[in-house]
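Undergrad: attaching a predicted model along with its sequence, questions to come.
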Amino acid sequence: MHFATELFPTAEVTEAQYNYAIQHSTAIAPHIDQHRAESIKWAEENDAETVMLVHDLEAQMLFWFTRMMGVKKVLEIGCFTGYSALCFAEGMKGVPDAEIITLDLPGISSDFARAAFEKYKTPAHPPITLIEGFAAETLPTLAGKQFDLIFIDADKPGYRNYLDIILNLNLLVPGGVIVADNILRRGLVADSSDRNPVTQEGPAVIAQAKTLDEFNKKVVSDVRLENVILPVFDGLNFVRLKKECA
Ligand SMILES: C[S@@+](CC[C@H](N)C(=O)[O-])C[C@H]1O[C@@H](n2cnc3c(N)ncnc32)[C@H](O)[C@@H]1O
């Protein structure tokens, strides 16, 4: 049985299922929907890629997941316009001493994100601090801090190094979870043969997928970690640091 094609028989049915899931899942707060619309408009006007934003349903999932885990401290690698960071903030609304640190390169998307964090902040939401610079350089400056949830959604070739830094500097609390996005990269990680039409985009996308494969292999073979990869959106790897590693 071809599991995926049985469950998602055509592109139209898949789209309909995603829309159904969005409509029948707890709605995201209106200001986050508004920020998504503003981000898309901003991206179109500034020649940035709207595809960078997490999917609407993924936004609902990040909010829900933050709530479910009772998260207090979030680290995000890859802020872009701040959309996913606002989802985490909503998930931690009302949680005492909660905080979010998000990393990205200096530039206009970071300026836009910072303005949004200011615009949508309330006394009930945790503060969001955006640190600009190459994540490989800014991550080590967080030594001494620990996070319950780390969302990796930046440059794909960097994932493997970010994981090493996180583990070497104990940035993840034992029992904490890393959520790594895009780890199946449009199917290329599992199948980069000619069967996958994405390969026609050139060798760079295949090389990028190879780095994600290395990340996934490192995760599953590291005895300190336990994980599950879900083939939803562009692929999510949920990675938990075992408690006995404390
Ligand atoms: C997919 S977007 C993040 C989207 C965001 N999580 C959201 O859904 O709202 C990836 C971001 O990673 C940033 N990025 C790329 N390379 C980076 C690096 N070396 N260090 C820090 N950030 C980087 C990009 O500037 C971009 O804004």
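TA: The structure has been received and is ready for your questions. Numbers count the residues shown, from 1 in each chain.
Undergrad: who does the longest strand belonging to the chain touch, helix- and strand-wise?
TA: Within the chain, and with DSSP state E defining each element, the longest strand by residue count is strand 172-181. The contact analysis (3 or more C-beta pairs under 8 Å, 6 or more residues apart in numbering; DSSP states H and E) places strand 172-181 against helix 56-69, strand 147-152, helix 159-168, strand 236-241. Using the backbone N, CA and C atoms, a C-beta is placed for each residue, glycine as well.
Undergrad: name the next helix or strand following the worst-scoring helix or strand of the chain on mean pLDDT along the chain.
TA: Within the chain, confidence by mean pLDDT, DSSP states H and E is lowest for helix 3-7 among all helices and strands, at a mean of 82. Where DSSP states H and E defines the elements, the next helix or strand beyond helix 3-7 is helix 11-23.
Undergrad: tell me how far that following helix is from the chain's mean position?
TA: Here helix 11-23 shows a centroid-to-chain-centroid distance of 21 Å under the convention C-alpha atoms, centre = their mean, to the nearest Å.
Undergrad: please apply the same query to stretch 150-163.
TA: With C-alpha atoms, centre = their mean, you get 9 Å for stretch 150-163.
Undergrad: buried ones in stretch 134-149?
TA: With burial defined by 16 or more other C-beta atoms under 10 Å, the residues of stretch 134-149 counted as buried are Ala135, Ala136, Thr138, Leu139, Leu142, Phe147, Asp148, Leu149.
Undergrad: which ones among the residues you listed also lie next to the ligand?
TA: The subset of these within reach of the ligand, counting by C-beta under 6 Å from any ligand atom, consists of Ala135.
Undergrad: and the least confident helix or strand of the chain, what does it pack onto?
TA: Contacts defined by 3+ C-beta pairs under 8 Å, 6+ apart place helix 3-7 against no helix or strand at all.
Undergrad: now tell me what touches it from outside.
TA: Outside helix 3-7, the residues that touch it by C-beta atoms under 8 Å, 6 or more residues apart in numbering are Pro231.
Undergrad: stretch 18-28 too?
TA: Applying C-beta under 8 Å, 6+ apart, the contact partners of stretch 18-28 are His55, Asp56, Leu57, Ala59, Gln60, Met61, Phe63, Trp64, Cys87, Glu90.
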